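> Got a predicted model here, sequence first, then my questions.
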Amino acid sequence: MLTLDTRVPAVLLRIDRNPFHHGTLGAVRSLGRAGVEVHVAAADSGWSPVSRSRYLHETHPAPPPGASLGEISAELRRISRRVARPAVLIPMDDAGALAIGHLQKELADFYLLPDQASGLAERVADKATLAEMCETVGIPHPVTLLPESTAQTAVAVRQLGLPVVAKWSRPWLVPGGAGLRSTVLVRSAGEAQELYRRSGEAGSRLLLQAFLPDGPGRDWFAHGYVDRTGVVRGGGSGRKHRSWPRSAGLTAVGRWTPDPDLKARTERLIGTLGYRGIFDLDFRVDSATGEHCLLDFNPRPGAQFRLFADGADLDVVRALHLDMTHRPLPSAAVLSGRAFVVENYAPLTALRALLTAGPAATATHRRELAWLARDDLAPAFAMGVLWCRHVTRRLLGRLRRAVPPEAPPREPEGTCAEDARIEDARIGDARIDDERASSR
């Protein structure tokens, strides 16, 4: 049985707006069930389903997306003064992880943090430098090109062959409401060139990557926590059975599937980099070579981290808290075959899980649902209501775009018609933000 130091609270930081981020709820429940006082600082904390959890002690305003390091530091120090004692600080998104990486020395008097090398979190999260690191360490990675002009973009597309995966090297800088996605599958050189022209708007370089076809059993992920001695603790490797969006998004259904080769490569990468803290790696198997190719390195917990709750109920979030409070991290049995299901992204799979095993399955070693838990029902109901509104809004938006309205008679500027056009534009921006946040 794990015994966490309940005198030390935890603060979860998430800067990106995403009310459906089930990973935040997983962290709240994991620490809260162990008796830890859990605080959440998130941009959507006031209306997110996470705020309904019985295990959440208090919510705090978070720095808005695009906030400067000075603003983030000031907000975190304000939260620390309210908590009134040093807390374990856990970033739940890339923007938060990178900010903490830059502010580590400044925050050392207020929070308990892994001793991470300065700038390392940003280097592994940047998809351009990640490709370079993989080549240096000898970790398989899709062929990646960084064009420096529209002409080079067309040449890169011909070299890689269509379709091509286009990514912004620093996706956390992509502004909301711009209609840009962090990753896009492009099917023509013209489409890739149009994306390149928007590099300034996206805030980082465009990279083009060879497309690895998806298929059954090809999408994998590896989670873990690297303790103060450099040993990987907790976590494991898993297979993605369903994703949202399909074939390119987050894990909707995953299963704990040990793979010794993947484990060895992960530990070699972590050891070479000297990384400390929680990590989440995404892989896809190259059908031509049979090798796991690293696609992404996320320097924070993955949203499905609770899949790897082992025989002692140790997960990466609890491992971090134990290590930061100098408590021993036990070795426990791997629960091979354990499943994790996200209800709003895989509703039929979740329904089958409930019909075959009942709600009690959410607390067993066999399976865990992202939202529904028998000891904490309110977040699941709140998510259901919010998700229905979200889906309805998207359907109505598609209908509006499919049926062009009749042209209204022109009216002078400043009339009610002009006010309505302005409001329609605002609704459109909000819809784009909503889709962007929910697709991660």
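Done, it's in. Numbering: from 1, shown residues only.

> Surely G254 and L307 touch.
Yes: contact criterion Cβ atoms under 8 Å: G254 and L307 qualify, at 5.4 Å. No exception for glycine: its C-beta is placed from N, CA and C like everyone else's.

> quick one: common contacting residues for those two?
G238, A339, F340 (Cβ atoms under 8 Å, 6 or more residues apart in numbering).

> Parallel or antiparallel, which strands does the helix or strand hosting the last one pair with?
Okay, so that is F340. Assigned by DSSP states H and E, F340 belongs to strand 339-341. Strand pairing for strand 339-341, using DSSP bridges, gives strand 250-256 (antiparallel), strand 367-369 (parallel).

> how far out from the middle of the chain is it?
From the chain centre to the centre of strand 339-341 is a distance of 16 Å (Cα atoms, centre = their mean, to the nearest Å).

> any residues touching it, and which ones?
With Cβ under 8 Å, 6+ apart, strand 339-341 has contacts from 238, 251-256, 304, 306-307, 349-350, 353, 366-370.

> got the buried residues for stretch 48-66?
48-53, 55-60, 62-63, 65 (16 or more other Cβ atoms under 10 Å).

> With respect to per-residue confidence, which of those residues is lowest?
Among the buried residues of stretch 48-66, P65 has the lowest pLDDT, at 85.

> Can you check which helix is longest in this protein?
When the chain is parsed with DSSP state H, its longest helix is helix 378-402.

> So which other helices or strands are in contact with that helix?
If you count contacts as 3 or more Cβ pairs under 8 Å, 6 or more residues apart in numbering; DSSP states H and E, helix 378-402 packs onto helix 416-438.

> what is the mean pLDDT for the helix it packs on?
37.

> Could you pull up the residues touching W168?
W168 sits in contact with K127, V174, L180, S182, A202, G203, S204, R205, L206, L207, where contact means Cβ under 8 Å, 6+ apart.

> which residues of the stretch 51-200 of the chain fall in strands?
With DSSP state E, counting those that start in this stretch as the criterion, the stretch 51-200 of the chain has strands at 58-60, 87-91, 111-112, 144-145, 164-168, 183-186.

> Which residues outside the fourth one are in contact with it?
The reference is to strand 144-145. Contact with strand 144-145 is made by K127, A128, A131, A156, Q159, L160, L207, L208, Q209, A210, as judged by Cβ under 8 Å, 6+ apart.

> Next, give phi and psi for V11.
Main-chain torsions, V11, degrees, to the nearest 10: phi -120, psi 120.

> Is it bridged to anything, and to what?
H39, L89.

> Please give the number of neighbouring residues around it.
V11 is surrounded by 24 other residues when neighbours are defined as other Cβ atoms under 10 Å.

> on that earlier part again, downstream of the strand holding F340, the next helix or strand is which one?
Sequence order places helix 347-357 as the next helix or strand after strand 339-341, per DSSP H and E.

> filter the shared contacts of G254 and L307 to the buried ones?
Using 16+ other Cβ under 10 Å as the burial test, the shared contacts of G254 and L307 include G238, A339, F340 as buried.

> closest to R33 among those?
Closest approach to R33 among the buried ones among the shared contacts of G254 and L307 (Cβ to Cβ): F340, at 16.7 Å.

> Test of understanding: give the bridge partners of that closest one.
G254, E368.

> Please check the contacts of strand 144-145 and keep the buried ones.
K127, A128, A131, A156, L160, L207, L208, Q209, A210.

> how about those in CSV, adding pLDDT and distance to V317?
Formatted as CSV, the buried ones among the contacts of strand 144-145 follow (pLDDT from 0 to 100; distance: Cβ to Cβ, whole Å):
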residue, pLDDT, distance to V317
K127, 95, 25
A128, 94, 29
A131, 92, 29
A156, 98, 40
L160, 97, 38
L207, 97, 31
L208, 98, 35
Q209, 97, 31
A210, 97, 34
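
> Format these as JSON lines; extra columns: distance to I139.
Below are those laid out as JSON lines (distance: Cβ to Cβ, whole Å):
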{"residue": "K127", "distance to I139": "14"}
{"residue": "A128", "distance to I139": "15"}
{"residue": "A131", "distance to I139": "10"}
{"residue": "A156", "distance to I139": "22"}
{"residue": "L160", "distance to I139": "20"}
{"residue": "L207", "distance to I139": "17"}
{"residue": "L208", "distance to I139": "20"}
{"residue": "Q209", "distance to I139": "15"}
{"residue": "A210", "distance to I139": "15"}
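
> Sort out for me which of the residues you listed are in helices.
Per DSSP H, the subset of the buried ones among the contacts of strand 144-145 in helices is K127, A128, A131, A156, L160.

> hang on, the earlier thing: closest to L294 out of the contacts of strand 144-145?
A131 (9.1 Å).

> Show the pLDDT at the nearest residue to the closest one once chain neighbours are set aside.
Taking Cβ to Cβ, 6 or more residues apart in numbering, and ignoring the residues beside it in sequence, A131 has T144 as its nearest neighbour in space, at 4.1 Å. Among the per-residue scores, T144 holds a pLDDT of 96.

> And A333, by the same measure?
At A333, the pLDDT recorded in the model is 87.

> if we can go back for a sec, now do the residue nearest to A131 against A62, distance only.
32 Å (Cβ to Cβ, to the nearest Å).

> Over to Q104?
For Q104 relative to A62 (Cβ to Cβ), the value is 18 Å.

> Kindly report the same for Y111.
Y111 is 15 Å from A62, by Cβ to Cβ.

> Please work out how many residues are found near E194.
E194 has 13 nearby residues by other Cβ under 10 Å.

> Use 5 as the first number for this chain going forward.
Let's use 5 as the start, then, which means that last one is E198.

> OK, contacts around it?
Counting by Cβ under 8 Å, 6+ apart, E198 has no contacts.

> Output the helix or strand L324 falls within as PDB, nothing but the C-alphas.
When elements are defined using DSSP H and E, L324 is found to belong to helix 320-328. Extracted C-alpha coordinates of helix 320-328, given in PDB (Å, rounded to 0.1, in the frame of the first residue of the first chain):
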ATOM      1  CA  VAL A 320       3.700   8.500 -12.700                       C
ATOM      2  CA  VAL A 321       1.900  11.300 -10.800                       C
ATOM      3  CA  ARG A 322       2.200   9.500  -7.500                       C
ATOM      4  CA  ALA A 323       5.800   8.500  -8.300                       C
ATOM      5  CA  LEU A 324       6.600  12.200  -8.700                       C
ATOM      6  CA  HIS A 325       5.000  13.100  -5.400                       C
ATOM      7  CA  LEU A 326       6.800  10.200  -3.600                       C
ATOM      8  CA  ASP A 327      10.200  11.100  -5.100                       C
ATOM      9  CA  MET A 328       9.800  14.900  -4.300                       C
END
